[in-house]
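**Student:** Mind folding the following:
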Amino acid sequence: VGRLSAGDVDTPPNEVTYSMFSRRDSDDFAIDALTGRVVTRGILDRERHKLYEYAVVAEDAAGNQGQTLLIINVKDANDRKPIFSENSYIGYVKENSPIGTPVARFTANDDDEGNNSLLVYSLVDSAGGRFWINSATGWISTASVFNREAVSEYRITIRAADGGAVSLSSETNVSVVVEDVNDNSPYLESSFVESRVYE
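**Tutor:** Predicted coordinates for the structure are as follows:
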C-alpha cells in the first residue's frame, strides 16, 4: 500500500518503531513495526468498505511518540456484473400500434463505480428485428406493426453490459404480449341464408 517514515532529531537518532490502530476495529491492513510499510492482510471489497482510517504511532527507544492519521481509499475494480431485478419480465403493446411505440423500460443495477457502473443495453434476441432498445435508457420500442390475430406474443432477450476495461454483462428475458383492439368486423358464416316459415 505504502510506507510511512518518521524522523528523530536526537543525536544519535533513536530507532523508531511503528504501530497503528483502526478507528473502526478493522484488521484489513497492518504496518511493519520496523520499516513502516503498510500492507493488506486479506482481500478487499470496496462495495463493503471503501474508506479506512488508522491512527499511526511512531515511537523511539526513549518512549517519545509522534502520531498521524492514515486514510486509505480503496479503488474500484470491475468485480460486480450488472444485475436485473427479475429473471424475466412481461411487456404489452397494442396491435396496429405505429413503429416506434414504447413498450416498457427495463434497467439493471451495477454496484461498481465510475465507468465500471455505466451500462449499455442491447437486444440479444429482437424477435427477428421487431423490437429495438435505447442503449442508454433501456427503453424498448416497436420496430414493426403487429397483428394479434397472427401472433399474440413475442420473446426477446436484453443484455446489460458495463463499461469496464473487461466488460461484465447479464441478460434477462421479456415476453411482449400483443393486446387486441377491435379491428375486425363480425361476419356470418354464410353470405346467403334461406329459412322457411309456415303460416
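
**Student:** Next up, phi/psi of Arg130, please.
**Tutor:** Backbone torsions of Arg130, given as degrees, to the nearest 10, read phi -80, psi -10.

**Student:** I meant to write Phe146 there.
**Tutor:** In terms of degrees, to the nearest 10, the main-chain angles of Phe146 are phi -110, psi 150.

**Student:** now do the one 4 residues further on
**Tutor:** Backbone dihedrals for Ala150, given as degrees, to the nearest 10, come out at phi -90, psi -50.

**Student:** any idea how far Ala150 is from Phe131?
**Tutor:** Going from Phe131 to Ala150 by Cβ to Cβ, to the nearest Å gives 16 Å. (C-beta placed from N, C-alpha, C; glycine too.)

**Student:** Compare these two (neighbour count), which wins?
**Tutor:** Phe131 (22 against 8; other Cβ atoms under 10 Å).

**Student:** close enough to count as contact, the more buried one and Ile158?
**Tutor:** No - the pair Phe131 / Ile158 is not scored as a contact, 9.7 Å apart, by Cβ atoms under 8 Å.

**Student:** Now the common contact residues for the two.
**Tutor:** Shared contacts of Phe131 and Ile158 (Cβ atoms under 8 Å, 6 or more residues apart in numbering): Leu123, Ile140.

**Student:** which regions of the protein lie under the pLDDT threshold?
**Tutor:** The chain contains residues with pLDDT under 70 at 7-13, 25, 182-199.

**Student:** Centre-most residue in it?
**Tutor:** The chain has Asp110 as the residue nearest its centroid, 1.6 Å off, counting by Cα atoms, centre = their mean.

**Student:** ok, that one touching Gly164?
**Tutor:** No - here Asp110 lies out of contact with Gly164, judged by Cβ under 8 Å, at a distance of 9.2 Å.

**Student:** Can you work out which residues contact both of these two?
**Tutor:** Jointly contacting Asp110 and Gly164 under the rule Cβ under 8 Å, 6+ apart are Asn116.

**Student:** Which residues are in contact with Glu171?
**Tutor:** Contacts of Glu171 (Cβ under 8 Å, 6+ apart): Val124, Thr157, Ile158, Arg159, Ala160.

**Student:** Now do Asn73 against Asp111, distance only.
**Tutor:** 17 Å.

**Student:** Please apply the same query to Asp180.
**Tutor:** As judged by Cβ to Cβ, Asp180 and Asp111 stand 42 Å apart.

**Student:** and the gap between the residue lying closest to Glu47 once chain neighbours are set aside and Val166?
**Tutor:** Spatial nearest neighbour of Glu47, excluding adjacent residues (Cβ to Cβ, 6 or more residues apart in numbering): Asp111 at 4.9 Å. According to Cβ to Cβ, Asp111 stands 16 Å off from Val166.

**Student:** show me the contacts for the residue nearest to the centre of the chain.
**Tutor:** Asp110 neighbours (Cβ under 8 Å, 6+ apart): Arg80, Lys81, Pro82, Ile83, Asn116, Ser117, Leu119, Ala160, Asp162.
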